[in-house]
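[1] what follows is a protein structure lacking sequence information:
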C-alpha cells in the first residue's frame, strides 16, 4: 500500500510496511457490531490483532444477528443498527464474561416492546453532575481521556494492558471509535448535540477545573494567582456561568446548572483582581454549587505575589475553612435558599496516575497521597461543617483511568471488613459510611470500568449501596471527554450485580459480600433523584414538552431559578448553533471574536449519521487472516 500524496495513507503515521498489514476499518469485512470487536487505530499507532476473546464475542454477535435478521426479514446490517442489535451485543458480552452484568433478554432482538422494557424509560430523570466543554481557542489534538475512551491507550502507556476479558485497547464508548480526536469535539456546538440532542440528560451541571500550569522557558510552574490559573484552564468560572445562562435562555427552562470554582487560602481572599474570589463569583456569576481540586495547585497560602499556589486538604482549618465560612456566611443565606445546591462542595478525589504495577495489590493500609485522593481529609471537614454536602467525585478511586489495578485488588483475596479492598474506594466507603453529608459520585469511575472491568464496577456499586445506601450515590458522566453521556445512562440502567462473581472477577457471591441488588428504584435515585434533592429540583418526572405556557422559573441573566415550581422542561432548539450570541462567542473565545484569539480555521463538526447508526469505524484495523 503506497503513501501517495493527498491520500489517507499519507495522512497516517504508518510506514508502507505497516500499511501492508492494515486495511481501512470501514472496508474491513468484519461484523459492523454496535460494540467494536477488534482494536481500531486512528493512524497514530499500530492496532493490535483481534484477540481470541474478541473473536468469540464477534462470532456470537454474528450468530445472533444472522438468526434474528432472518426471522425479522431484514438485512443483518439493518438489524445491528437497531435496538435489537444492541441487545445482541449485550447478550454476547454477558456470555463472554460468564455473568449477567447487563439486564437484557433475547426477546429484545425481535420485539421493540421487550427492548423498551429493559432500556432506560422515556420518563427517566437524569441529572448529570459532571459535564465538560472547553473554550473554543483550544484547538488541535484532543486529550488523553478521549483517546482511552476510543481504545487508544498509548498516551497513558497502557497499550499492552488487557481488560477483564483479555482485550487490549478495547474502547469504552463504541460510538466515538475512529473519530478524529480533536479539541473541536469538546467545543460548545458539539457539546450541545452530544448532551441535549443525543442523550436523556434532563439537567446537566457544567463543571470546570482549577488545574493549570504556567508555561515557561525552564518548564511549567504552578500559577501564582487566579488570573494565571484561569488562563490555563479548559473553562473558567465566567465561561461556565455564561454557557449555563444561554442554555437556560434558549430552552426556556432550567436545563443546566453551573459550578463555581474553589480557590482557598489567604492569598485568594485578597486577590489583586477579584478581592475574595468566592464572594466575587457569588455576586457576579451566581454559582449553583462549587467544584474544587485538592490535587491541583489552587490554594494561595500567603499574600506574597511571587509565591506559587499549592495543593490543599479539605480539613485544613487555616486554608479550607475560611472558604467554607464565606459560603455559609449569614449574608448569603437568602441566596442559598434560592440556590439549594449552593452548599454542595464537589471535590475531585482520585484518578491518580501514580499507581504501582498491576501484578500486586496497590492499596496500602495506612498511607496515601491525600491531595491526590486518599480518603483521609473529608471526614473531619464534613463533621465540622454539617450544613455543607461533600460530594467526592470519582469515589476516590486511585487508578488513573484504567481499572486493572482495582481488578488485581478484587482478585487478591484481601478483604476490608468483609469486602474486597479496592484501591482507596473501599476505605472511603467504610470510613465515611456514618457521615450523612458525604456522597459518592461516579464520574469516570463508572465509565472506565463498566465495559472493560465489569467485576470492578459491580464491586464498587455493591460497596456503595452497602455502606452509603442508595440515597448517597450520584451520577456524573464526565462527558463529553468520553463522547455523549447516553451510552453510560444505558449501561447503568441495564447494569446489575451478579449473584455469583466469575473466577475472572475474583469469585464469591453477592450475598457473601452483603451487596444489595441495584434495583430500578436505586438506579432512578443514582441517575437523577439524589442530585435533584441536593440541588432542590422539584419536577423530576423528566418530561420534555414544547408547551411553554406553564411557570418554568425565571430566566434572568444569572440563572436565578424558582426551585419550587419550574414546570416542565423544554427541549433545546435544534438550531441552537445559530442562537449563540456574539457576546457568548466572545466569552468562549470563538475565532474572530476573542481579543487574544489564535484559532486556526480548523473545525470538524460531527454530523449525525441519520435515523439509525451506521456502526462504521473510521481508522485502521489489522488485516484479517
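    Nice, I can see it. Fair warning: this is a prediction, and the values are worked out from it, not measured in the lab.
[2] the strands in the stretch 401-550 of the chain, which residues?
    415-416, 419-420, 438-441, 473-474 (DSSP state E, counting those that start in this stretch).
[3] between these, which one is closest to residue 314.
    strand 438-441 (10.3 Å; C-beta to C-beta). All C-beta atoms are positioned from the backbone trio N, CA, C, and that covers glycine.
[4] next secondary structure element downstream of the helix ranked longest in the chain?
    Secondary structure of the chain per DSSP state H: the longest helix is helix 52-72. Remark: after helix 52-72, the chain's next helix or strand is helix 76-80, criterion DSSP states H and E.
[5] buried set for that following helix?
    76, 77, 79, 80 (16 or more other C-beta atoms under 10 Å).
[6] then stretch 257-274?
    In stretch 257-274, counting by 16+ other C-beta under 10 Å, buried: 257-265, 267-269, 271, 274.
[7] what is the most widely separated pair among the residues you listed?
    Longest span within the buried residues of stretch 257-274, C-beta to C-beta: 257 and 267, 28.5 Å.
[8] what strand or helix carries the nearest residue to residue 486 once chain neighbours are set aside?
    Closest residue to residue 486 apart from its sequence neighbours, by C-beta to C-beta, 6 or more residues apart in numbering: residue 199 at 3.8 Å. Element membership for residue 199, per DSSP H and E: none, as it lies in no helix or strand.
[9] just give me the neighbour total for residue 199.
    Residue 199: 24 surrounding residues under other C-beta atoms under 10 Å.
[10] residue contacts, it?
    Listed by C-beta atoms under 8 Å, 6 or more residues apart in numbering, the contact partners of residue 199 are 126, 479, 484, 485, 486, 489.
[11] and it, how far from residue 480?
    10 Å (C-beta to C-beta, to the nearest Å).
[12] and if you look at residue 570?
    Residue 570 is 22 Å from residue 480, by C-beta to C-beta.
[13] those two: who's more crowded?
    Between residue 570 and residue 480, counted using other C-beta under 10 Å, the more crowded position is residue 480 (26 against 20).
[14] wait, isn't that one in contact with residue 186?
    Yes: counting by C-beta atoms under 8 Å, residue 480 touches residue 186, with 5.8 Å between them.
[15] and the strands in the stretch 251-400 of the chain?
    256-261, 289-293, 344-348, 389-393.
[16] same question, the stretch 1-150 of the chain
    If DSSP E, counting those that start in this stretch is used as the criterion, the strands of the stretch 1-150 of the chain fall at 22-24, 127-131.
[17] deepest in the core, which of those strands is it.
    Across these, averaging neighbours per residue (mean count of other C-beta atoms under 10 Å) puts strand 127-131 on top, at a mean of 27.
[18] which neighbouring elements make contact with it?
    Here strand 127-131 touches strand 203-206, helix 530-535, going by 3 or more C-beta pairs under 8 Å, 6 or more residues apart in numbering; DSSP states H and E.
[19] next, the contact list for the closest residue to residue 101 other than its chain neighbours, please.
    In space, and not counting its chain neighbours, residue 101 is closest to residue 454: 4.4 Å by C-beta to C-beta, 6+ apart. Contacts for residue 454 (C-beta under 8 Å, 6+ apart) come out as 97, 99, 101, 164, 495, 505.
[20] ok, the first one to residue 347 distance?
    Think residue 97. From residue 97 to residue 347 the distance is 33 Å (C-beta to C-beta).
[21] the more surrounded of the two?
    The residue with more neighbours, out of residue 97 and residue 347, is residue 347; 23 against 20, by other C-beta under 10 Å.
[22] quick check: the residue positioned nearest the centre of the chain vs residue 197, distance?
    Nearest to the geometric centre of the chain sits residue 478, at 1.9 Å (C-alpha atoms, centre = their mean). To residue 197, residue 478 is 19 Å away according to C-beta to C-beta.
[23] ditto for residue 317
    For residue 317, the distance to residue 197 - C-beta to C-beta - is 46 Å.
[24] tell me which stretches of the stretch 351-500 of the chain form helices.
    Secondary structure of the stretch 351-500 of the chain (DSSP state H, counting those that start in this stretch): helices at 378-384, 404-412, 425-431, 445-450, 454-467, 486-494.
[25] dump the residue contacts of residue 122.
    residue 542.
[26] check residue 274 too.
    Applying C-beta under 8 Å, 6+ apart, the residues contacting residue 274 are 226, 280.
[27] and for residue 463?
    Neighbours of residue 463 in contact, by C-beta under 8 Å, 6+ apart: 419, 422, 425, 426, 429, 513, 515.
[28] could you rerun that using 6 Å?
    Neighbouring residues of residue 463 by C-beta atoms under 6 Å, 6 or more residues apart in numbering: 419, 426, 429.
[29] want to throw those into JSON lines with neighbour count and distance to residue 116?
    Converted to JSON lines, the contacts of residue 463 look like this (neighbours: other C-beta atoms under 10 Å; distance: C-beta to C-beta, whole Å):
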{"residue": "419", "neighbour count": "21", "distance to residue 116": "35"}
{"residue": "426", "neighbour count": "26", "distance to residue 116": "36"}
{"residue": "429", "neighbour count": "29", "distance to residue 116": "34"}
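[30] from those, which is closest to residue 229?
    Distances from residue 229 to these, taken by C-beta to C-beta, are shortest for residue 429, at 31.9 Å.
[31] could you report the separation of that closest one from residue 396?
    Counting by C-beta to C-beta, the separation of residue 429 from residue 396 is 9 Å.
[32] how about residue 572?
    Relative to residue 396, and taking C-beta to C-beta, residue 572 is found at 34 Å.
[33] of those two, who's got more company?
    Shown here are residue 572 and residue 396; by other C-beta under 10 Å, residue 396 has more neighbours (31 against 22).
[34] pLDDT score for that one?
    Per-residue pLDDT puts residue 396 at 94.
[35] then residue 251?
    95.
[36] distance of it relative to residue 489?
    Per C-beta to C-beta, residue 251 is found 19 Å from residue 489.
[37] same check, this time on residue 302
    The value you get for residue 302 to residue 489, if C-beta to C-beta is used, is 45 Å.
[38] show me which of the two is the more surrounded one.
    residue 489 (23 against 11).
[39] ok, residue 194 touching residue 482?
    No: taking C-beta atoms under 6 Å as the definition, residue 194 is not a contact partner of residue 482, at 10.0 Å.
[40] ok, residue 136 - contacts?
    187, 588, 589, 590.
[41] against residue 63, how distant is it?
    46 Å.
[42] same thing with residue 259?
    47 Å.
[43] also residue 293?
    48 Å.
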